[in-house]
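Student: I'd like to go over a predicted model; first the sequence, then the structure.
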Amino acid sequence: MTGAGKPVPEPTPETQPFWDGCAAGELRLQRCTDCATPYFYPRPVCPACGSVNVEWFPASGRATLYSYVINHRPAPGFEDDAPYAIAVVQLAEGPRMMTSLVGVPNTPEDLVLDMSLQVTFEQRGDVYLPVFAPAPDGGGS
Amino acid sequence: MSGAPGVIIAGAAETDQVGRLPGHSTLALHMEAAVNAVRDAGLSLRDVDGIATVSVPGPVQVAHALGIVPRWIDGTGVGGTSFLLHVRHAAAAIRAGYARTVLVTHGESGRSRVGAAPFRVAPSSPGGQFEAPYGTFGPTTTFTITALRYMKDFGLTHEQLAYVAVAQRRWAAKNPRAAYRDPITVEDVLASRLIAFPFHLLECCLVTDGGGALVITSADRAGEFPKPAVHVLGTGESSETPMISQMQDFTASQAFRLAGQDAFAEAGIGPADVGHLMIYDAFAHVPIYGLEALGFVGRGEAGAFIAEGHTEPGGRLPLNTNGGGLSYTHTGMYGMFAITEAIRQVRGEAAAQVGSADISVVLGNGGTFSTAGVLVLGRHPR
């Protein structure tokens, strides 16, 4: 499933390493080499200290469910999915990101805040999107 | 800032009608509101030497359409709170002598979309790369996403969230211009269709057409106008994030808090001095975040505060007395309507007039907790 009709991200030079990572099955984040703060979304300046000395690193892909909605008015391309969850997850490394939840019914009963999740990747056009599924081990770290 | 020359709002008006206005373009709504506000101030458009409005259609277009030749221009376009920021920026410009009479305009064909800019998120923008691919579809899917975290952390119930809409409908019932005036119950709200769980239709704002405008000048002219002057006692502004997923704490708005702190400090007031309050209410949870960010209640207390009746007619803190975006009108950038209602209350000419509106506070939101503006308005100078 390549998600025909759904929006496809268009990488920019500063985000290309992130999308290259997703295509290789790896969730890549950035961190500051001066203050060590990890951050997302990709950008060339550390949001914590203003340093331009930043590097990419592979994240664990572990996360917990921070918050979500279950959308009943589908965006163009999502008509067959509704109602579907739009989630924000807390990555184990600290940053948060928006995502979809797969491998679990998108219902209030099944989506419990703080449940443990693990990244997986879905093809969308030319890129692979990071999405999250319940952690196979139920969330032990 | 004691010692700084005072600034007043001398004229304020909305379009003749708000609601569904397919006969008006976005630009025509700006123009009708501008003409009405200048007339309300007893002035002519030729008296205006400063112009402020959002980026579309923009201050150049609005000024030219009205025959205004500005010596001061502000095109701040940061969402629905932009007009509060325009008031703040105009106050600074008037104090600096950059302009004498500033016109702030809003017009938006939010429902009919006549002459309106298309909605579009560029797929190369941060939002286009990191939010839109997950099926976001406007504010109903993004502004709302903080609520479940707030509900878990503070125990806010679905019934308390629904009650925000119930309380505001009680104000709307007193306002002949409000879109929805029939009383509703918590059960009605929870029985309305789900838009984006946990939000039902009646917990989401209207989408309407309309406009409003303000005329701002220096307080030394306060006696020259037909209506009572409304003094701009304090102002604040801030921004947090362009993407809701990057909001630091889903249970509290940093931008609301910072803008409020600056506005209250400049005015030299605290929450206990405020007799009337407007908080931008695109969705039912936003007044909850606003009440806490401005310090009217403690963290996690606002849902119960509203459910106990304190903000509805007869309560001690009248809130969103026009019915708000949930029941009165919401063109998309609602902030202007929060300001015009506060002005009506301070003047004593509101449809649901409260007796305690010597000092009114307006909290505006832009985007999805992205930006904030706060105005402290008063019947008397400091």
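Tutor: Received, thanks.
Student: any idea of the mean pLDDT in stretch B:303-317?
Tutor: In this model, stretch B:303-317 has a mean pLDDT of 98.
Student: who in chain B is up against chain A?
Tutor: Contacts of chain B with chain A, taken as CB under 8 Å from any CB of the partner chain, map to B:121-124, B:126, B:128-137, B:140-142, B:144-149, B:152, B:193-199, B:243-246, B:250. Every C-beta, even on glycine, is put in place using the N, C-alpha and C of the backbone.
Student: Helices of chain A, start to end?
Tutor: In chain A, the segments counted as helices under DSSP state H are A:16-23.
Student: Pull up the residues of it that are close to chain B.
Tutor: Near chain B, when you scan chain A using CB under 8 Å from any CB, you find A:6-12, A:15, A:41, A:66-78, A:81, A:83-84, A:86-88, A:96-100, A:108, A:113-114, A:124, A:129.
Student: Now, those that are in strands?
Tutor: With DSSP state E as the criterion, strands contain A:66-71, A:84, A:86-88, A:96-99, A:124, A:129 from among the residues of chain A next to chain B.
Student: residue contacts, A:Ala4?
Tutor: By CB atoms under 8 Å, 6 or more residues apart in numbering or on different chains, the contact list for A:Ala4 reads A:Gly77.
Student: now it: how far from A:Gln123?
Tutor: 11 Å (CB to CB, to the nearest Å).
Student: re earlier: write a ChimeraX command that selects only the buried members of the residues of chain B next to chain A.
Tutor: Under the burial definition 16 or more other CB atoms under 10 Å in any protein chain shown, those of the residues of chain B next to chain A that qualify are selected in ChimeraX by:
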select /B:123,126,128,129,130,131,132,133,134,135,136,137,140,141,142,144,145,146,147,148,149,152,194,195,196,197,198,199,243,244,245,246,250
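Student: Next, check the residues of chain B next to chain A against the strands and list the overlap.
Tutor: B:Leu194, B:Ile195, B:Ala196, B:Phe197, B:Phe199.
Student: In contact with the nearest residue to B:Gly80 once chain neighbours are set aside, which residues?
Tutor: Nearest residue to B:Gly80 in three dimensions, chain neighbours excluded: B:Met333, at 4.0 Å (CB to CB, 6 or more residues apart in numbering or on different chains). If you count contacts by CB under 8 Å, 6+ apart, B:Met333 has them with B:Val54, B:Gly79, B:Gly80, B:Ser82, B:Phe83, B:His106, B:Glu108, B:Gly366.
Student: Out of those, list just those in helices.
Tutor: Using DSSP H, those in helices are B:Ser82, B:Phe83.
Student: from the contacts of B:Met333, which two are the most distant?
Tutor: B:Glu108 and B:Gly366 (13.6 Å; CB to CB).
Student: Go ahead and confirm B:Ala37 touches B:Ala12.
Tutor: Yes - contact criterion CB atoms under 8 Å: B:Ala37 and B:Ala12 qualify, at 5.8 Å.
Student: Identify the bridge partners of B:Gly366.
Tutor: B:Thr371 (DSSP bridges).
Student: so it touches B:Gly79, yeah?
Tutor: Yes - here B:Gly366 reaches B:Gly79: they are 2.7 Å apart, a contact under CB under 8 Å.
Student: Next, the contact list for the residue lying closest to A:Met98 once chain neighbours are set aside, please.
Tutor: Of all residues not flanking A:Met98 in the chain, B:Ser245 sits nearest, at 3.9 Å (CB to CB, 6+ apart). B:Ser245 is in contact with A:Val88, A:Arg96, A:Met97, A:Met98, B:Phe130, B:Glu131, B:Ile145, counting by CB under 8 Å, 6+ apart.
Student: Counting neighbours, which bits of stretch B:360-374 end up buried?
Tutor: In stretch B:360-374, counting by 16+ other CB under 10 Å, buried: B:360-374.
Student: how about it as CSV, C-alpha atoms only?
Tutor: The C-alpha trace of stretch B:360-374 is given here as CSV (Å, rounded to 0.1, in the frame of the first residue of the first chain):
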residue,chain,number,x,y,z
SER,B,360,-12.0,43.6,30.3
VAL,B,361,-9.3,41.2,29.2
VAL,B,362,-9.1,39.6,25.7
LEU,B,363,-6.9,36.5,25.0
GLY,B,364,-6.5,35.7,21.4
ASN,B,365,-5.1,32.5,19.9
GLY,B,366,-3.4,32.2,16.5
GLY,B,367,-3.1,28.9,14.6
THR,B,368,-3.1,25.9,17.0
PHE,B,369,-1.7,27.3,20.3
SER,B,370,0.9,28.8,17.9
THR,B,371,0.6,32.5,18.8
ALA,B,372,-1.1,34.5,21.4
GLY,B,373,-2.1,38.1,22.1
VAL,B,374,-3.6,39.7,25.2
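Student: pLDDT score for the closest residue to A:Thr15 other than its chain neighbours?
Tutor: Nearest residue to A:Thr15 in three dimensions, chain neighbours excluded: A:Pro42, at 4.5 Å (CB to CB, 6+ apart). pLDDT, A:Pro42: 98.
Student: any idea how far A:Pro42 lies from A:Pro13?
Tutor: 10 Å.
Student: the more surrounded of these two?
Tutor: Shown here are A:Pro42 and A:Pro13; by other CB atoms under 10 Å in any protein chain shown, A:Pro42 has more neighbours (23 against 8).
Student: Measure how buried the residue in the stretch 251-382 of chain B that chain A sits nearest to is and give me the count.
Tutor: Closest contact between the stretch 251-382 of chain B and chain A, by CB to the nearest CB, is at B:Thr251 (9.5 Å). Per other CB under 10 Å, the neighbour tally for B:Thr251 reads 20.
Student: The one 5 residues further on now?
Tutor: Around B:Phe256 there are 30 other residues, counting by other CB under 10 Å.
Student: now do A:Asp20
Tutor: The burial count for A:Asp20: 15, using other CB under 10 Å.
Student: can you check B:Gly234 too?
Tutor: 25.
Student: same question, the one 4 residues further on
Tutor: Each residue near B:Ser238 was counted by other CB under 10 Å, and the total is 20.
Student: That one should be in a strand, yeah?
Tutor: Yes - per DSSP: H, G, I helix; E, B strand; the rest coil, B:Ser238 lies within a strand segment.
Student: separation between the residue positioned nearest the centre of chain B and B:Thr81?
Tutor: Centroid-nearest residue in chain B: B:Gly335, 2.3 Å away (criterion: CA atoms, centre = their mean). With distances taken as CB to CB, B:Gly335 is found 5 Å from B:Thr81.
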